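Visitor: Using only what follows, build the 3D model:
(chains A and B)
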Amino acid sequence: GENVEQHPSTLSVQEGDSAVIKCTYSDSASNYFPWYKQELGKGPQLIIDIRSNVGEKKDQRIAVTLNKTAKHFSLHITETQPEDSAVYFCAALMGRDNQGGKLIFGQGTELSVKP
Amino acid sequence: GAGVSQSPSNKVTEKGKDVELRCDPISGHTALYWYRQSLGQGLEFLIYFQGNSAPDKSGLPSDRFSAERTGGSVSTLTIQRTQQEDSAVYLCASSLVPSGLAGFKGDEQYFGPGTRLTVT
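Guide: Numbers count the residues shown, from 1 in each chain, chains lettered A, B, ... in the order given. Down below sits the predicted model:
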């Protein structure tokens, strides 16, 4: 069935180091892959997304890569800061025939950046 | 501008009672989505609206759950005869156009703060 696997479930890094979170998806028709950051008690916030026609996208310290053949995508955060500490979710769009679709989410990665 | 808003922010109810959760999407957004997040879990899709119609209700867990959207704007999610396993954070999201329309920007989903439902 429709599935997104996310690893690791927890990640602890030192301030200034890089963090990488990886996801795999099952539906080869998926064409949109957003990443969300969720802080305690708040709703998920869209931080970056990638569509299936590109392999990489960057926005300042955040980058996302996509390998359609292998059906996996990754989030890279460089020069991490304590305020990057949060739970990060990957998602893949499941839909058919351009009718609009639902997002299937990974289980989340709790990132902790130690000062 | 204003983001997605949800009310109430917290709801405590007794098992067996009905509850209504409300979502106000971003003005002008045609698509609206409901998700559920159980403690420490990822988000689980419930239902999606395009305008007032619901092309995808596949995520509703039982017939106790229903949702409607009127006027192409506000949506309410109703849970009848609540059970303890319904306890979760219910999140609403909206997008300018339905997510996934080929090559179209504006289909990013923006989330509200959620309603925390506790069934005692």
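Visitor: Just the element for the closest residue to chain A within chain B, please.
Guide: As assessed by CB to the nearest CB, chain A sits closest to residue B:98 within chain B, at 2.4 Å. In this view, the C-beta of every residue, glycine as well, is placed from N, C-alpha and C. Under the criterion DSSP states H and E, no helix or strand holds residue B:98.
Visitor: thought it was touching residue B:106?
Guide: No: between residue B:98 and residue B:106 there is no contact under CB atoms under 8 Å: 9.8 Å.
Visitor: which one of these two has more residues nearby?
Guide: A count of neighbours by other CB atoms under 10 Å in any protein chain shown puts residue B:98 above the other of residue B:98 and residue B:106, at 26 against 14.
Visitor: Number of residues surrounding residue 49?
Guide: Just going to use chain A. For residue A:49, using other CB under 10 Å, the count is 18.
Visitor: my bad, the chain I had in mind was chain B
Guide: Neighbour count of residue B:49, defined by other CB under 10 Å: 25.
Visitor: does any part of the helix or strand that contains it sit near chain A?
Guide: Element membership for residue B:49 (DSSP H and E) is strand B:43-50. Yes: for strand B:43-50 and chain A, the contact criterion (CB under 8 Å from any CB of the partner chain) is met by B:43, B:44, B:45, B:48, B:50.
Visitor: Isn't the first one up against residue A:107?
Guide: Same thing as residue B:43. No: when contacts are counted by CB under 8 Å, residue B:43 is not listed as touching residue A:107 (9.7 Å).
Visitor: Who has more neighbours out of these two?
Guide: residue B:43 (27 against 17).
Visitor: who does that one bridge with?
Guide: With DSSP bridges as the criterion, residue B:43 is bridged to residue B:37.
Visitor: do the same with the one 4 residues further on
Guide: In this structure, residue B:47 has beta-bridge partners residue B:34, where bridges are defined by DSSP bridges.
Visitor: I figured it hits residue B:60, correct?
Guide: Yes: shown here, residue B:47 and residue B:60 form a contact pair, counting by CB under 8 Å, at 5.8 Å.
Visitor: Return every residue with contacts to both of these two.
Guide: With contacts defined as CB atoms under 8 Å, 6 or more residues apart in numbering or on different chains, the residues shared by residue B:47 and residue B:60 are residue B:67.
Visitor: These two: which is more packed in?
Guide: A side-by-side neighbour count of residue B:47 and residue B:60, using other CB under 10 Å, places residue B:47 first with 23 against 19.
Visitor: Point out where the chain drops to low pLDDT.
Guide: As the question left the chain open, I've gone with chain A. A:1, A:95-100 (pLDDT under 70).
Visitor: Chain B, not that one
Guide: B:1, B:101-104.
Visitor: Could you list the residues of it in contact with chain A?
Guide: So chain B meets chain A at B:4, B:31, B:33, B:35, B:41-45, B:48, B:50, B:55-56, B:58-59, B:91, B:97-102, B:107-114 (CB under 8 Å from any CB).
Visitor: The nearest residue to residue A:72 once chain neighbours are set aside: how many residues sit nearby?
Guide: Among residues not flanking residue A:72 along the chain, residue A:24 sits closest, at 4.4 Å (CB to CB, 6 or more residues apart in numbering or on different chains). Counted with other CB under 10 Å, residues neighbouring residue A:24 total 18.
Visitor: tell me the strands in chain B, going along the chain?
Guide: Taking DSSP state E as the criterion, chain B contains strands spanning B:5-7, B:10-13, B:19-24, B:31-37, B:43-50, B:53-56, B:65-69, B:75-79, B:88-95, B:110-111, B:115-119.
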